[in-house]
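Q: Quick one, fold the following:
(4 chains)
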Protein chains: 4
Amino acid sequence: MQQMDGTADTPELKQLYADFDTHHLAPLWTQRDGLMPMTPSPKAVPHVWEWSTLFGLAERSGELVPVGRGGERRAIGLANPGLPGTAYATPTLWCAIQYLGGFETAPEHRHSQNAFRFVVEGEGVWTVVNGDPVAMRRGDLLLTPGWNFHGHHNDTDQPMAWIDGLDVPFSHYADVGFFEYGSERVTDEASPDVSRSERLWAHPGLRPLSGLEDTTSSPLAAYRWEHTDRALTEQLALEDAGHPATVGQGHAAIRYVNPTTGGDVMPTLRCEFHRLRAGASTPVTHEVGSSVWQVFEGEGTVVLGETEHRLHTGDLFVVPSWVPWSLHADSQFDLFRFNDGPIVDRLNFTRTYRPGQRNEDLA
Amino acid sequence: MQQMDGTADTPELKQLYADFDTHHLAPLWTQRDGLMPMTPSPKAVPHVWEWSTLFGLAERSGELVPVGRGGERRAIGLANPGLPGTAYATPTLWCAIQYLGGFETAPEHRHSQNAFRFVVEGEGVWTVVNGDPVAMRRGDLLLTPGWNFHGHHNDTDQPMAWIDGLDVPFSHYADVGFFEYGSERVTDEASPDVSRSERLWAHPGLRPLSGLEDTTSSPLAAYRWEHTDRALTEQLALEDAGHPATVGQGHAAIRYVNPTTGGDVMPTLRCEFHRLRAGASTPVTHEVGSSVWQVFEGEGTVVLGETEHRLHTGDLFVVPSWVPWSLHADSQFDLFRFNDGPIVDRLNFTRTYRPGQRNEDLA
Amino acid sequence: MQQMDGTADTPELKQLYADFDTHHLAPLWTQRDGLMPMTPSPKAVPHVWEWSTLFGLAERSGELVPVGRGGERRAIGLANPGLPGTAYATPTLWCAIQYLGGFETAPEHRHSQNAFRFVVEGEGVWTVVNGDPVAMRRGDLLLTPGWNFHGHHNDTDQPMAWIDGLDVPFSHYADVGFFEYGSERVTDEASPDVSRSERLWAHPGLRPLSGLEDTTSSPLAAYRWEHTDRALTEQLALEDAGHPATVGQGHAAIRYVNPTTGGDVMPTLRCEFHRLRAGASTPVTHEVGSSVWQVFEGEGTVVLGETEHRLHTGDLFVVPSWVPWSLHADSQFDLFRFNDGPIVDRLNFTRTYRPGQRNEDLA
Amino acid sequence: MQQMDGTADTPELKQLYADFDTHHLAPLWTQRDGLMPMTPSPKAVPHVWEWSTLFGLAERSGELVPVGRGGERRAIGLANPGLPGTAYATPTLWCAIQYLGGFETAPEHRHSQNAFRFVVEGEGVWTVVNGDPVAMRRGDLLLTPGWNFHGHHNDTDQPMAWIDGLDVPFSHYADVGFFEYGSERVTDEASPDVSRSERLWAHPGLRPLSGLEDTTSSPLAAYRWEHTDRALTEQLALEDAGHPATVGQGHAAIRYVNPTTGGDVMPTLRCEFHRLRAGASTPVTHEVGSSVWQVFEGEGTVVLGETEHRLHTGDLFVVPSWVPWSLHADSQFDLFRFNDGPIVDRLNFTRTYRPGQRNEDLA
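A: Numbers count the residues shown, from 1 in each chain, chains lettered A, B, ... in the order given. Below is the predicted model of the structure:
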């Protein structure tokens, strides 16, 4: 009898394996090791994309490719080198730079996929979400939860670029997505400073009595930089004064949340903002689930696996599942992060490991 | 045989009832009707307390009664005329005016009972909650959830008064309360404009990464008037512009919530703020559960049962369970409200009825 | 100036207190101590009712008092000696012996109050819950959640007695109850062994696809003795074999739960069954919330506060909040228990203390 | 300027696309349509595997391939013809026939992946889950939630086969899996009729007081055929008697649930059992998410997309996301089903569509 190593070194076994093929079957024992590794072994790899390169290519796209129905968006996705043939940043996450020229409009549509925009520089575009025009400015996080109609229009003569984050890879993988075209133009071309969703919902600890039903995604379309910046500043000031506030020494961080539940902004996407003081570092961390980070401001480095990368404003990098990462700040260092944390948490696969720390989180 | 009316008109029945007494028993059939009425039939009655009267008595108390250990607080409770011998506003709710003279201190203690303060006028007192000094100013809601140490100190030479709301009657009734003395002086005599809890938590839609565990009560110690006022102003402006925002025509309202859950600020107490435009009215409403309202600003009337009452700034009124109420605004009319909604909701007794409207909510 | 002891020994203070009365106000400082004691200080007292006495009085009631519309039920409530003038077992709980003669019918009605029946002896009555006839037999727990129509009919020529448990005192206190009369006769006079609710729901770990919506109360109308007995027997057998299964040494126990949630059977009432091996004891326990216990079978004692009571089949006893209790079994000792645990838990007042054990549960 | 169709028909555009490649980027506009289709467009295809073929190949494997450390299990996976190169039944689900010869042992291990076994015929194997031996018999569902040690041993001289269901494809895709070897032999070779988990948990509506903490997966290791069969029989009998009980006319069905929550048995896998009366049909149904069905007993047909398939005992078929399916029963027709419903529901992608019925479920 053979060992259970899958080696087909007898005619009988070769015939058995051939018959498996014929009948659309496959033995577990030849592939168990690859399918069920000791720890997560992602095909996706850590990678850094430089903002200057991205922005330059986006500009050239702006000259060569119109925005319009069908393609829908002038968005250029990060294609993880470990996931060839896809435009996926990680198995679950899409991340793209989107570029809209002066007075251009990206037409309205809606889809099951959850989406957000984060703005590292520029302004002048309004994203119109279910008819509510939402200004996009530096440092803002703008949400487009699944099945909300949305389009963008540039109200200025200057181009603007930002990043998009979506769960497109997950939705494509799990076959859960629907798509529907909307208006060719945005349904409301007004350009207010503040969206209606903010006027209703952006009051700390206050909930409109007309909005007492919990929603699966946040009803707040915009999370403004001024609030994020203030929250981080206060955390560091509290730490300075000796009070617990930061998530680690010199490391302030917030999670963007759905005010109706206190939970993640959307069912598949977690969004956070991190600020390190100059000189601060984070401990080496392994986490289940994959993340995309963008440097918002400052200088520093990230170690991904064994490799250190120097980072500048706008640079994006990807941390696949369980790949150890740590950050070090040379100046005050501000970073936006999004990941598939809600998927991992809601399906009970959460684990975190920090070498040298107690393993309490190793379920 | 007797009818089931409980009439003890035979010697045998008289003896039976006497034997019940002897053995600490009581028949249901003689009291079923009173115990289980067709609709809630509260002993508490609707009542209005005038602020000018309350404040005058509080001032006199300030002259005659010191603040100190044992009595703990110079607080004068609304004693519902239907609940004689108690100091209860309703069966579940305590509401008092508390008065602190210049430079006085109310010593620290903690108790299972949940508490808040709402300020209709004045400033200069800091309530110190678990060591965090929280300024009290006009229009602010300040929380002291169960088992948080707290004391108050007046940092000025002027007295200040405010209202306290607690679940003392419920806790006393259900025998759930614990009490513990703390420091004679407040543990932090600083007088910052903003509490540490606000610096961590009062950022709309942002949650500190150091605070990802949900808490049964809100971690936010202060809900500031400027946010409440802005939220209400925006709701009315959105209504003016034709967008859904208000809870009724001309009626803006917010609920104060726990940012970690989106739910009520404390497990037994619901707090809300309502604003009616001049000329607006609310529909006649019957609700299960009891409420206390305080006029914050403006002129108007409330109909409680069959009786109309004219209201002025600071006036307090009580709505017992299922007593119909409606408000009418002569000027812009701002009112704070608290009630036992979390008790009613969590124990699944919620019902609302508005005559003339569909009975959909009559479970 | 006076001390804060409330002593009105000056004319000014006497006048102040008189003015409080006039204006329906009451000072906190004179009553703080009583209202907010260091630990729960219930007026309800521990007490034991003997089954033989109860049953004898129920039989006499059966001869003297008819069952019919208005009084509705021939039920005799335990009246806690510490709560004079009421028929309350504890501040929150009603417990009565109900008696139905041969071929008698208790007419249908419904109410917001949650109710159950537990049968210590006898059979022959069907309780008809929303039209579903539910046989009542020894050891069974039968539910009548709030707002379900229900009546009882005796299908035999022999009387039957059982205990009723309800949240009548809570509902009356909090003014949350509605009541409605139904049919004079039960709406289905069939006498099946098994109710329709059991046929749908009493399959371990199986949920009908037609019942995927969670319900606030259990959809299962009957919890049969054979299942309870088997569960307890297995726990003790597992303990014998060295496996974790019991809640304490020699102490098996189950909680009756809503199969749609795993939580308590009804929003205000928790029901449990406990079995002690001969010779076993439970540790002295203080708990927030009040309980009623009934001996189902066996001999033993309970210590309530400082007093030991010998118990026999059918005896009922009450444990007010925070009163220490412990059980000791002389034979195998089976006890049914219900309490207001869901009220205490859902409103976040839970505390348990066992002297000599770690205080971990002292929140 | 080009249309947004992605055609690279100018040198500039060709160069732009080449530069995207160089920098690990990919434009959305050339692939948006494929990535975000109008409705889910799975690569997985509907397919039927015949039990006789599967079983024959399993028997041959039993002769040729030993069971042992490394390969771990003699399991042969359904390889969806639309997912070449994988052994995946659907993008998220693994389904295999596992075969264990007389007196063989499959060694213990544990993994993050959730798993179950369902037995269509045979008996004699015990699966040992965290040291608890669980008998496997016809019609039983046996759980092995993530990170539970488990091995199997055949206590007889006869081989046995069953199906395994796991979330291996999801775990591999999302990089969430950990794996650990355990004992070479099962840690308890006893062969009791009933597992300890059943002795603690398989009592309808009863929860051990020692198990009041909710668990993410069911604590019940075995769901026995006798209970499933009885539940389905009762549903059809209730339907016959005119009471609501079935999910559709002539269609009884149960979901296996976690008794601590009433929810799915494991965080990623939903398990159900369906019974159709002879002559009954189900409506054509589109659902988000993919399913695997196995015929347990009876004769009938399934229409998958446009194609009708005749089915016999043991046959397995796969329904990819949104592919319409309907069943028709020629005899009483019993089917086991599992799917990725918890993934779809928890991430809020649920949609169901039945042509000709109201679209109420089309979110």
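Q: ok, which residues in the stretch 151-300 of chain A are in contact with chain D?
A: Residues of the stretch 151-300 of chain A found near chain D (CB under 8 Å from any CB of the partner chain) are A:168, A:170-180, A:216-217, A:267-268, A:288-290. Every C-beta, even on glycine, is put in place using the N, C-alpha and C of the backbone.
Q: try 7 Å
A: A:168, A:172-179, A:216, A:267-268, A:288, A:290 (CB under 7 Å from any CB of the partner chain).
Q: which helix is the longest one in chain A?
A: Counting by DSSP state H, the longest helix found in chain A is helix A:225-240.
Q: could you check the angle helix A:225-240 makes with the helix or strand that comes right after that one?
A: Using DSSP states H and E, the helix or strand that follows helix A:225-240 towards the C-terminus is strand A:251-256. Using axes from the mean of the first three to the mean of the last three CA atoms, to 10 degrees, the direction of strand A:251-256 lies 140 degrees away from that of helix A:225-240.
Q: Strand A:251-256 near chain B at all?
A: Yes. With CB under 7 Å from any CB as the measure, strand A:251-256 is seen reaching chain B through A:Ala253, A:Ile254, A:Arg255, A:Tyr256.
Q: so how far is A:Ile97 from A:Ala89?
A: Separation of A:Ala89 from A:Ile97 (CB to CB, to the nearest Å): 12 Å.
Q: For those two, indicate the residue with more neighbours.
A: In this comparison of A:Ala89 against A:Ile97, neighbours counted by other CB atoms under 10 Å in any protein chain shown, the higher total goes to A:Ala89 at 31 against 25.
Q: you'd agree that one is in a strand?
A: No. According to DSSP: H, G, I helix; E, B strand; the rest coil, A:Ala89 belongs to no strand; its state is coil.
Q: just the helices in the stretch 1-150 of chain A please.
A: A:11-22, A:32-35, A:51-64 (DSSP state H, counting those that start in this stretch).
Q: With distance to chain D and mean pLDDT added, can I get those in TSV?
A: Listed next are these as TSV, based on distance: least, CB to the nearest CB, whole Å; pLDDT from 0 to 100:
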stretch	distance to chain D	mean pLDDT
helix A:11-22	5	95
helix A:32-35	5	88
helix A:51-64	5	96
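Q: Ok, which of these comes nearest C:Thr301?
A: Nearest to C:Thr301, of all the helices of the stretch 1-150 of chain A, is helix A:32-35, at 59.6 Å by CB to CB.
Q: Now that closest one: buried residues?
A: A:Arg32, A:Leu35 (16 or more other CB atoms under 10 Å in any protein chain shown).
Q: helices or strands next to it in the packing?
A: In terms of contacts (3 or more CB pairs under 7 Å, 6 or more residues apart in numbering or on different chains; DSSP states H and E), helix A:32-35 is packed against no helix or strand at all.
Q: Can you pull out the residues in contact with that helix?
A: Residues outside helix A:32-35 that contact it (CB atoms under 7 Å, 6 or more residues apart in numbering or on different chains): D:Gly71, D:Glu72, D:Val168, D:His172.
Q: 10 Å - rerun?
A: A:4-6, A:28, A:41, D:70-73, D:75, D:77, D:86-88, D:94, D:109, D:111, D:113, D:166, D:168-169, D:171-172, D:177, D:179 (CB atoms under 10 Å, 6 or more residues apart in numbering or on different chains).
Q: Report the buried members of those residues.
A: The buried subset of these - by 16+ other CB under 10 Å - is A:4, A:6, A:28, D:71-73, D:75, D:77, D:86-88, D:94, D:109, D:111, D:113, D:166, D:168-169, D:171-172, D:177, D:179.
Q: how much space between the closest residue to chain C within the stretch 101-250 of chain A and C:Glu213?
A: Here the stretch 101-250 of chain A gets closest to chain C at one residue, A:Asp214, 15.0 Å apart by CB to the nearest CB. Distance, A:Asp214 to C:Glu213, by CB to CB: 17 Å.
Q: avg pLDDT for stretch A:327-340?
A: Mean per-residue pLDDT for stretch A:327-340: 98.
Q: now that stretch, how far from the centre of its chain.
A: Centroid displacement of stretch A:327-340 relative to its chain, using CA atoms, centre = their mean, to the nearest Å, is 14 Å.
Q: Tell me the buried residues in it?
A: A:Leu327, A:His328, A:Ala329, A:Gln332, A:Phe333, A:Asp334, A:Leu335, A:Phe336, A:Arg337, A:Phe338, A:Asn339, A:Asp340.
Q: Quick one: check whichever helix or strand the first one is part of for contact with chain D.
A: Right, the one you point to is A:Leu327. A:Leu327 is part of strand A:325-329 when elements are defined by DSSP H and E. No. Using CB under 10 Å from any CB of the partner chain, strand A:325-329 never reaches chain D; the gap is at least 14.4 Å.
Q: Please work out the angle formed by the directions of that strand and strand A:251-256.
A: Going by the same axes, to 10 degrees, strand A:325-329 makes 120 degrees with strand A:251-256.
Q: what element comes up after strand A:325-329 heading to the C-terminus?
A: strand A:333-339.
Q: Partner strands of that next one, with direction?
A: Sheet pairing here is set by DSSP bridges, and for strand A:333-339 it gives strand A:270-276 (antiparallel), strand A:291-297 (antiparallel).
Q: got the buried residues for the last one?
A: By neighbour count with 16+ other CB under 10 Å, strand A:291-297 contains the buried residues A:Ser291, A:Val292, A:Trp293, A:Gln294, A:Val295, A:Phe296, A:Glu297.
Q: Cool, thanks, talk later.
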